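Participant: Requesting a structural model of the entry that follows:
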Amino acid sequence: MRVYCATSNPGKLCEFSHGLKGLVDVRTIPNLGAIPAPKETGATFEENAVLKALYYARYCDGMVFAEDSGLEVDSLNGAPGVYSARFAGPDASDVDNNRLLLEKLRGVQNRGARFVSVIALAQGEQVLRTFRGEVGGQILLAPRGENGFGYDPLFYYPPFGCSFGEAPLESKMQVSHRGRALSKMADFLKRRLTHQEPTN
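Facilitator: Numbering: from 1, shown residues only. This next block holds a predicted model:
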């Protein structure tokens, strides 16, 4: 089975391929770079994931999945949330976003946070299913580790005793928000492969 992935983010694509390895053939949408990106106008991760999946499903023949994900920080009332990738501005880098987050949390005691991932799977004009994954942790005082991307170096995961930026990909994908959402999608695709899952 082949599924198309609507992302140009190399970090996400690596994690998607790893999470679905051995089950489906994950491909990027043909000529993805030439397709104008849709405006992410949703107020939730679910809305943005569905918006993107339906948009990109028009450009290829087969199942397409799109993800929206981000970091929710308790003391910031859930920010940056759906604005995680552009927290410090529309062209912000991971370093810019991490720096701004640390500035906003300077002197703050409550550093609880969670990563959230929502994947929407679509075909044609139909959303087949959405899959949500979450993982809780703490925001560190400074980045740690060179692995991962985004806010990973600032996200401390107590069961590991280290940040997601320090954790190996194999370990991180077993517990991460994206890994959990992918696991749910993998279960759904397995049922489809064995004709146990209705199409509607």
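Participant: residues making contact with the helix ranked longest in the chain?
Facilitator: The longest helix of the chain (DSSP state H) is helix 177-193. With C-beta atoms under 8 Å, 6 or more residues apart in numbering as the test, helix 177-193 has contacts from 1, 3, 12, 15-16, 19-20, 23-24, 65, 67, 69, 114-119, 121, 128-129, 131-135, 172-173, 197. Just so you know, the C-beta spots here come from the backbone N, C-alpha and C atoms, and that holds for glycine as well.
Participant: May I see the buried residues of it?
Facilitator: Within helix 177-193, the residues that count as buried by 16 or more other C-beta atoms under 10 Å are His177, Arg178, Gly179, Arg180, Ala181, Leu182, Ser183, Met185, Ala186, Phe188, Leu189, Arg192.
Participant: returning to that earlier point: now the contacts of helix 177-193: which count as buried?
Facilitator: Buried positions within these, assessed by neighbour count (16+ other C-beta under 10 Å), are 3, 12, 15-16, 19-20, 23-24, 65, 67, 69, 114-119, 121, 128, 131-133, 135, 172-173.
Participant: C-alpha coordinates for the longest helix of the chain, PDB please?
Facilitator: Extracted C-alpha coordinates of helix 177-193, given in PDB (Å, rounded to 0.1, in the frame of the first residue of the first chain):
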ATOM      1  CA  HIS A 177       2.900  12.800  20.100                       C
ATOM      2  CA  ARG A 178       3.700  12.000  16.400                       C
ATOM      3  CA  GLY A 179       4.600   8.400  17.100                       C
ATOM      4  CA  ARG A 180       1.300   7.900  19.000                       C
ATOM      5  CA  ALA A 181      -0.800   9.500  16.200                       C
ATOM      6  CA  LEU A 182       1.100   7.400  13.600                       C
ATOM      7  CA  SER A 183       0.500   4.300  15.600                       C
ATOM      8  CA  LYS A 184      -3.200   4.900  15.500                       C
ATOM      9  CA  MET A 185      -3.100   5.600  11.700                       C
ATOM     10  CA  ALA A 186      -1.000   2.400  11.200                       C
ATOM     11  CA  ASP A 187      -3.700   0.400  13.000                       C
ATOM     12  CA  PHE A 188      -6.400   1.900  10.800                       C
ATOM     13  CA  LEU A 189      -4.400   1.100   7.600                       C
ATOM     14  CA  LYS A 190      -3.800  -2.500   8.800                       C
ATOM     15  CA  ARG A 191      -7.500  -3.000   9.100                       C
ATOM     16  CA  ARG A 192      -8.000  -1.600   5.700                       C
ATOM     17  CA  LEU A 193      -5.400  -3.900   4.300                       C
END
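Participant: I am finished for the moment; much appreciated.
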